[in-house]
Each structure stands twice: as C-alpha cells, then as structure tokens.
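Chemist: Take a look and give me a structure for this.
(chains A, B and C)
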Amino acid sequence: MPELPEVETIARGLAKRVTGDIIESVWIGRKKEPLKSPAAQIASTLEQSRIGHVHRMGKHIIFDLDRQKKESQWIVHLGMTGRLQVCDPQTEIAKHTHAILRLSSGRELRFVDPRRFGRLSVAPAAKFDAAGIEPLEIDGDRFIALFRGRKTPIKSALLNQKLLRGVGNIYADESLFRAGIRPRRRAATITRDQLARLHAAVKEVLKEAIALGGSSVSDYVNADGEEGFFQLQHRVYAREGEPCLVCKTPIERVVIAGRSSHYCPRCQK
DNA sequence: ACTATTTCCTGGATGC
DNA sequence: TGCATCCAGGAAATAG
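Modeler: Predicted coordinates for the structure are as follows:
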C-alpha cells in the first residue's frame, strides 16, 4: 500500500532509470478503471515524448514530458497494489498489466495493478496540482491551522488528502503513537502543543521511512524490485494484541472511517 | 461546508 | 481438498 515514503522511493528509483529516455510507443489495456484520462489521450500524449524530471506529489508520481518544446505530464497513482516496472521486452507480461511504454533505450516501463485502484492520467504543461500540502514542507503554524474547528477524528483528518497529502493508514497510526494521541480524538480538541508534537512525529516517521526505503507489507517493492525495511520499525500498525514496545499494554485495533486503526490505550490519550 | 458511509477491485487467509 | 466468506484500503461518490 504505497504511501508517501513508498511513492518517494519508487519515484527516485524511476528517475534514475528512465530520465532522458523517449517513449516510442504505448499499449494501453482495455480495463477502464485505471484510466482517469481517455486511453487515446494518454497514448497520444506519451508517444514520442522525452521523459524529464520524475518526482512525487502526495501519493502521485509525476513524469514531466516534452516533445518538440511542448510540455506535458504523465501522472500515476499506484492505489493499493499498483507497480511500475522497468524491464526487458522479453520479460513475461504480468497478469493485470494495464499499460506498456516502449522506450528508446530498448526497455519497457509497465504499469501493473491487480486491484485496479491505481489511476493513470495526463495533463498539459505543469498543470497537475494535487490538493493538500506536503507534510514534509508545511510549517508548524499551518499544520496546526489544518485541524482547527474540525470535529472529525484526528485519524480521519490525517488521512484526508485535501489537508495533508501523502499520509496513509500506516503512517497515520505510527505518527499518532509517537505523538501520544488516540486516533479517535476529535481534531478540534487537541491542544496546540499536542499538534506541534504530532507535526514533529509525522515528519520524523516519514523521514525515517524514506531512509529505509518504505514499508513492505503485502507486496510493495521499489523500482528495482527490492523490499523496504520500515515495516520492522512499526510500533502499532498491524500489531493488535501484541505488547506495546514502551509499556507492554496490548495494542488495540478499532475501525475509523472504515480503516483499521492501531493504538496503545495507555501511551495514547 | 463538513462529515460519515458506501463503493470499487482481487488475492490471500480463514473457516467449515 | 474445495468452496464460501472475509479482509486489506485510497479516493470518489453518495447521503445526511
């Protein structure tokens, strides 16, 4: 389930491998769910374009493209199970492959996504702008202001991509644990000091996770097919019933906004 | 304007 | 062994 650290890791890996390459031709599958722009529009935008900067915005991967001075962007959201693989054309085509870009270097860039929650789209020039603010760039006052007056549980607010972009279920739970805040706490009832602590926790967790190449749970791998290691640092996520690493109290799991939320009932208030 | 709930999708795990 | 059922969750759609 790629969140900000996994998407950052993948984008960095892809940047190393495909920057400067030219997309010679494109195949797009017939399943409609993965396409946010019409297939013909995606194909015509990508074909004969040179791949420039590859970067992350929230949970999106952005490929800056140019073709005869005309600029555009290819935007990829990996959803739950999406993968972008760079491989030789002879490599067997994986089940659930939805797009194949043939590159001038002789390799292919393939989009594979069994669950089809991922999305592909294109935008003219540098037009794509995800909602929300980057959690690693926002300053303390703006972070605190995001939650002012919100009655929703803090966990839901952290998952809301229109506020902060890039935080998903794992990093929301891990950040709340480090900040000592229960996931069900109403955002508006959290003091400025606690929010400042949460801000620090979010940044710390995301930076540590990026440094370890993300969390490999289910089937996440980076652009080189390697697993990340941050799952070994999880303190609450998927640890229901196991002892808190700080106080030994069993970790509890509740459902908030349809998502599993894990917390220590003693360390988090 | 907010907030809460439902829906989409498949593979792996679980239960009988 | 086989078959049904449940669960994972990001974000859009829907309902309140």
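
Chemist: Okay, now the unreliable bits of the stretch 151-269 of chain A?
Modeler: Scanning the stretch 151-269 of chain A for pLDDT under 70 picks out A:218-219, A:221, A:223, A:225.

Chemist: Quick one: name the residues of it near DNA strand B.
Modeler: With the criterion set to C-beta under 7 Å from any atom of the strand, the stretch 151-269 of chain A comes near DNA strand B through A:Lys151, A:Thr152, A:Pro153, A:Ser156, A:Ala257, A:Gly258. Quick note: C-beta positions are derived from backbone N, CA and C, even for glycine.

Chemist: out of those residues, which are buried?
Modeler: A:Thr152, A:Pro153, A:Ser156 (16 or more other C-beta atoms under 10 Å).

Chemist: re earlier: looking at the residues of the stretch 151-269 of chain A next to DNA strand B, which one is closest to DNA strand C?
Modeler: Here the nearest of those to DNA strand C, counting by C-beta to the nearest atom of the strand, is A:Gly258; it sits at 5.9 Å.

Chemist: Now do the contacts for the closest one.
Modeler: Listed by C-beta atoms under 8 Å, 6 or more residues apart in numbering, A:Gly258 has no contact partners.

Chemist: As JSON lines, the buried ones among the residues of the stretch 151-269 of chain A next to DNA strand B with secondary structure and distance to A:Ile251 would be great.
Modeler: Putting those into JSON lines (DSSP: H, G, I helix; E, B strand; the rest coil; distance: C-beta to C-beta, whole Å) gives the following:
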{"residue": "A:Thr152", "secondary structure": "coil", "distance to A:Ile251": "23"}
{"residue": "A:Pro153", "secondary structure": "strand", "distance to A:Ile251": "18"}
{"residue": "A:Ser156", "secondary structure": "helix", "distance to A:Ile251": "20"}
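
Chemist: follow-up on the earlier one: same list, the residues of the stretch 151-269 of chain A next to DNA strand B, but only the ones touching DNA strand C.
Modeler: Within those, those near DNA strand C by C-beta under 7 Å from any atom of the strand are A:Gly258.
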